[in-house]
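**Student:** Give me a model of this one.
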Amino acid sequence: MVLVFVGAYYASRILAQHYQGSAAGGNIKILERSTVGPNSYLLLVQVGDEIKLLGVTQKEITCLADVDKNSIQPPTSKQLPTMDFKAVLRSLREKQEGSDDAAKPKP
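**Tutor:** Here you go, the predicted structure:
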């Protein structure tokens, strides 16, 4: 079971790097992603000084619109807090160990 969590941890780190849009040259940034349906989503992408709205499906990527920088709202502080996977894993492990100790019969 621990191997599953460890595997999930490393997979989430790899996926996070992939979806943050960190390109080698740093000219492309994914500003926002919004799921539209199964296997389809919208991406707001900054390429150099331009911002594009892309429609992405399993089979194609379509540029839907050029977006004016002034029409984009900056991220708000009401975003969900980020969770540290290591801390969550540690917490789950401690809870499991605590429940295992409680389940043991006392002499």
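**Student:** doesn't S91 fall inside a helix?
**Tutor:** Yes. Counting by DSSP: H, G, I helix; E, B strand; the rest coil, S91 is found in a helix.
**Student:** This structure: helices as residue ranges?
**Tutor:** Ranges of helices within the chain are 2-19, 85-103, based on DSSP state H.
**Student:** any idea which of those helices scores lowest on pLDDT?
**Tutor:** In terms of mean pLDDT, the lowest-scoring of these is helix 2-19 (a mean of 64).
**Student:** Ramachandran angles for the closest residue to G48 other than its chain neighbours?
**Tutor:** Once flanking residues are discounted, G48 sits nearest to N27: 5.6 Å by Cβ to Cβ, 6 or more residues apart in numbering. C-beta here means a position set from N, CA and C on the backbone, and glycine is covered the same way. As for N27, its main-chain torsions (degrees, to the nearest 10) stand at phi -90, psi -10.
**Student:** tally of neighbours for E60?
**Tutor:** 7 (other Cβ atoms under 10 Å).
**Student:** per-residue pLDDT, it?
**Tutor:** E60 is assigned a pLDDT of 92 by the prediction.
**Student:** What are the phi and psi values at it?
**Tutor:** Torsion angles at E60 (phi, psi; degrees, to the nearest 10) stand at phi -160, psi 160.
**Student:** hmm, back to that, what's the distance between the residue nearest to G48 and T62?
**Tutor:** Distance of N27 to T62, computed by Cβ to Cβ, to the nearest Å: 21 Å.
**Student:** Next, the contact list for the residue nearest to D68 when sequence neighbours are not counted, please.
**Tutor:** Nearest non-adjacent residue to D68, counting by Cβ to Cβ, 6+ apart: I51, 7.7 Å away. With contact set as Cβ atoms under 8 Å, 6 or more residues apart in numbering, I51 has these partners: L31, L44, V45, D66, V67, D68, K69, I72.
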